[in-house]
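Any chance you could fold what I've pasted below:
(chains A and B)
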Amino acid sequence: MIFNALLIALREIRRNMTRSFLTVIGIVIGVAAVVTMVTLGRGATEAVKQQISKMGSNLLVLRPGQGWGSWGAPQFSMADVKAIGDQVPGIASIAPFVQTNVPAVYQENDRNTDVQGTTANYFAIANWNIGIGRFFTDAEVAEAAPVCVIGETIRKELFGEGVDPVGCKIRARTVSLEVVGVTALKGQGGFGDDMDDNIITPYTTVLRRLTGRGNGQNINQVMISGKEGYPSANIVADVSLLMRERRNLTGNEDNNFNVFDSLQLADVISSSTKVMTSLLGAVAGVSLLVGGIGIMNIMLVSVTERTREIGIRLAIGARAREVLLQFLVEAVTLSCVGGVTGIIFAYGLCSVLAEVVGAPFLFDPKINLIAFVFSAAIGILFGFMPARRAASLDPIEALRHE
Amino acid sequence: MTGEPLIELRGLTKTYGSGDAAFMALCGVDLTIQRGEFVAVMGPSGSGKSTLMNLLGCLDSPTSGSYRFKGIEVETLNMDQRSLIRRHALGFIFQGFNLLARTSALENVELPLLYRGYSRKQRHQMAREALASVGIPEKERNTPSELSGGQQQRVAIARAIVTNPDTLFADEPTGNLDSKTTREIMDLLVRLNSERGISILMVTHEDDVAAHARRVIRVSDGLISHDSATSRP
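This is a model prediction of the structure:
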C-alpha cells in the first residue's frame, strides 16, 4: 500500500512540475539556510580555535603594564622567570621573551624583522615545529651563542624559496647570526599578522650582543604554558599574586603587569561565535518553518483544486486511507526532495563562503541528518491536515465539483 | 448464486437533511435487475434518479430499506467496504468523462489497476487491451486535452472496463457528445453488454439513447413510475 501510494504520489508530482517546484522551494531555502549557517558557524569557531592554538596551546603571557602597549611599566627579570617557574603550580614550561626590531641582511637581500630572544623552552610553549635543521639548545643560550632559527618568510626574503639556509650567516646590525634551523610554516596569526616573519635566537644573544643590556633585567614578556587539564585561571591568579609580592604592591595598588590567557580568549571568542551560530541557525530555522507552512498552503490549495481528481479516485475504488496516504506521501516526498536539494545547495554555498570568510569547511553529517529528518517531519506535520481533508471528501460531491 | 439477481432493492428510501428541512429523494423503491441487463434510467431533474444511481453505485448509503448487490447487503457496509465493491465489481462512466488531466490515456486506464495492486507489466498489458477493445489503441500516449470528446469517452470506458467489472454505471455518457459520436459510443456500450455480458445501468435524458437499452425505467418523485422492455432499433 505504501509502495502504491508512493507510485501514485510520484506520478502526481511529475505531472505538476511547476506546482511541485514552487512547493519545494521554501523547504530548499530553509534547509540550505540552516545547514549553511550552522556549518559556517562551526567552521568559524574551529578557525578561532586553530588560530589561537597556533600561538601555543595553554599559553599564558606575562606582560608589563595593563593591557596592550603600556610603555614605561617595569619589565621583568630572569629572577622573576625563575621564581614563577619554581613557585607557581600547574606550569608545564616557562621561557623569557625579548623582542627587538632589526634589519636583517644576507648578501644583497635585507628585511626589517623581529628578532625574538628566548630559551629552548619557547619552541614547545609557542607550538613551533622545526622545518629544516634544529632548534638552538640551552647550552647555546647559556653562552649567548650567535645562532638563530628563522621563519619561512625570512628564508623566502633573504635566501629565496626552497633554499636551505642552514649554516649561512645573517647579519643583524653588527652581529652575525648563524642559521641553525627553519621553523615549519605557521601562516597567518589570529590578528592577521604573519607568524613566520621572525628570527628566534637565545635571549642572551639579544640582550648582550644586540641591545647591549646584558644584566637580565629587561625581559619584555614571560611565556608560560600550563599543564594539560590544569585550570589556567589558577595559574593567572598565582602568577599575579607572586608578582605583586615580588614588586611589593600594597592592597589598593593596581597591577603593573597583566597575564594574557589564550585559553580564556579562545573560550570567549568561541562562545561568542557559538551564540552567533545558534542565533543565525534559529533565524534560518524560521525560514524552514515558513517553508513548511508553504507546503501546507499549497497542499491545501491543491486539495481544493484536485477535488475532482480525488472524486474520480474514490469512485473507481480508492479507500479514504489510500487517498490520505497519497497526499501525505506527496507532501513528505516533496519536503524530502526539498531537504536533499537544500543540503546540496548548502554544500555548494558553504564551500564558496568558507573560502570567502576564511573559515575551514567542516561538513558535519549530524546537522545534515537533522535537517533532512526535520524536513521529512515538516512534510508529515504540514501534509497531514490537507491529506485528511482530501480523504474526508464525499465522492459524490467531489465528482460534481467544477 | 447464478439464480440470484444482480441488484435487488426493497423499500429503499433516501432522506436528505432532517426535521422540517428534510427532503425525501427516494420514497421506497423496489427494483430487481438481473445479470446482463442493459437498463436506461430516465426522469426529469429532481426526480431522484441521480440519488438512485448513487445508491446503486455504492457511492452513498440509503436511509432505510435494503439493497442487495450480488447477495451482499450493501446498506450494512461502511465507506471502505463500499469502496472495495466499487473497486472489484463496478465501473463508472461520466458525462464529463472525468479523466485525469495531463495524464496519458494509458495511465488513466491503469488507474483502477493501481488500486488493485497489479504489477507494472500486467497493468500495461490490461490497459492496452482495454484501449484496443474500445477502438483507440493508437492513442495511449495522448493526454485528454489532445483527444476529441468521443475519444475521451472511449478512454473513460476503457478505464471502467479494464478491471472486468460485472456492472457499468453510466451517468449521461453521451450528454457532451454530438449525434454521430453518440451513436458510436452507444454501439460500443451495446457491444460490451452483448459480447462481454457486462450489466449496464445508464442515466439519460434522450429517448433515442435510451432506445439502445433493453429495459427503460422512469423515475418521478422518488418512485419508479414506468418499467418496460424496449425493442431495439
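
Is A:Ile378 in a helix, a strand, or coil?
helix (DSSP: H, G, I helix; E, B strand; the rest coil).

same thing with A:Ala92?
The local conformation at A:Ala92, judged by three-state DSSP, is strand.

so what's the closest residue to B:Gly175 other than its chain neighbours up against?
Leaving aside its sequence neighbours, B:Gly175 sits nearest to B:Gln95 (Cβ to Cβ, 6 or more residues apart in numbering or on different chains; 4.0 Å). Any C-beta I mention is one placed from the backbone N, CA and C, and that applies to glycine too. By Cβ atoms under 8 Å, 6 or more residues apart in numbering or on different chains, the contact list for B:Gln95 reads B:Asp171, B:Glu172, B:Pro173, B:Gly175, B:Asn176.

Look up phi and psi at B:Gln95.
When quoted as degrees, to the nearest 10, the phi and psi of B:Gln95 stand at phi -60, psi -50.

Also A:Phe97?
Dihedral pair for A:Phe97: phi -150, psi 120, per degrees, to the nearest 10.

And the residue nearest to it when sequence neighbours are not counted, how close does it get to A:Thr118?
Distances taken as Cβ to Cβ, 6+ apart place A:Gln221 nearest to A:Phe97, at 4.3 Å, with adjacent residues excluded. Going from A:Gln221 to A:Thr118 by Cβ to Cβ, to the nearest Å gives 9 Å.

so what sits against both of those two?
Residues touching both A:Gln221 and A:Thr118 (Cβ under 8 Å, 6+ apart): A:Pro96, A:Phe97, A:Val98.

Next, count neighbours for the first one.
Taking other Cβ atoms under 10 Å in any protein chain shown as the neighbour definition, A:Pro96 ends up with a count of 27.

what does A:Gly72 give?
Neighbourhood size, A:Gly72 [other Cβ under 10 Å]: 7.

mind checking how far it is from chain B?
Distance, A:Gly72 to chain B, using Cβ to the nearest Cβ, to the nearest Å: 84 Å.

try A:Ser176
Taking Cβ to the nearest Cβ, one finds A:Ser176 at 87 Å from chain B.

Then A:Gln326?
10 Å.

so what's that residue up against?
Applying Cβ under 8 Å, 6+ apart, we find A:Gln326 in contact with A:Ala5, A:Ile8, A:Ala9, A:Glu12, A:Arg313, A:Ala318, A:Ala387, A:Ala390.

Among these, find me the one that's closest to chain B.
Nearest to chain B among the contacts of A:Gln326: A:Ala318, at 5.3 Å, using Cβ to the nearest Cβ.

quick one, what contacts the residue in chain B that chain A sits nearest to?
Residue nearest to chain A within chain B: B:Arg87 (2.5 Å; Cβ to the nearest Cβ). Neighbouring residues of B:Arg87 by Cβ under 8 Å, 6+ apart: A:Ile316, A:Gly317, A:Ala318, B:Pro112, B:Tyr115, B:Arg116, B:Thr163.

What does the pLDDT read for A:Tyr122?
In this prediction, A:Tyr122 carries a pLDDT score of 92.

Compute the distance between it and B:Leu90, please.
Per Cβ to Cβ, A:Tyr122 is found 91 Å from B:Leu90.

who's in contact with whichever residue of the stretch 1-150 of chain A sits closest to chain B?
Proximity to chain B, evaluated over the stretch 1-150 of chain A using Cβ to the nearest Cβ, is greatest for A:Arg15 at 4.7 Å. Contacts for A:Arg15 (Cβ under 8 Å, 6+ apart) come out as B:Leu100, B:Arg102, B:Thr103.

Mind telling me what element the residue nearest the centre of chain B is part of?
Nearest to the mean C-alpha position of chain B, counting by Cα atoms, centre = their mean, stands B:Phe169 at 0.6 Å. B:Phe169 is located in strand B:167-171, with elements delineated by DSSP states H and E.

List the neighbouring strands of that strand plus their orientation.
Next to strand B:167-171 in the sheet, as set by DSSP bridges, lie strand B:90-93 (parallel), strand B:199-203 (parallel).

count of neighbours near B:Ser83?
Neighbour count of B:Ser83, defined by other Cβ under 10 Å: 26.

try A:Thr174
By other Cβ under 10 Å, neighbour count at A:Thr174 equals 7.

list the contacts for it?
Counted by Cβ under 8 Å, 6+ apart, A:Thr174 has zero contacts.

Look up the pLDDT of it for me, please.
85.

Skip the chain neighbours and tell me the closest residue to B:Pro5.
Distances taken as Cβ to Cβ, 6+ apart place B:Thr32 nearest to B:Pro5, at 4.9 Å, with adjacent residues excluded.

I am finished for the moment; much appreciated.
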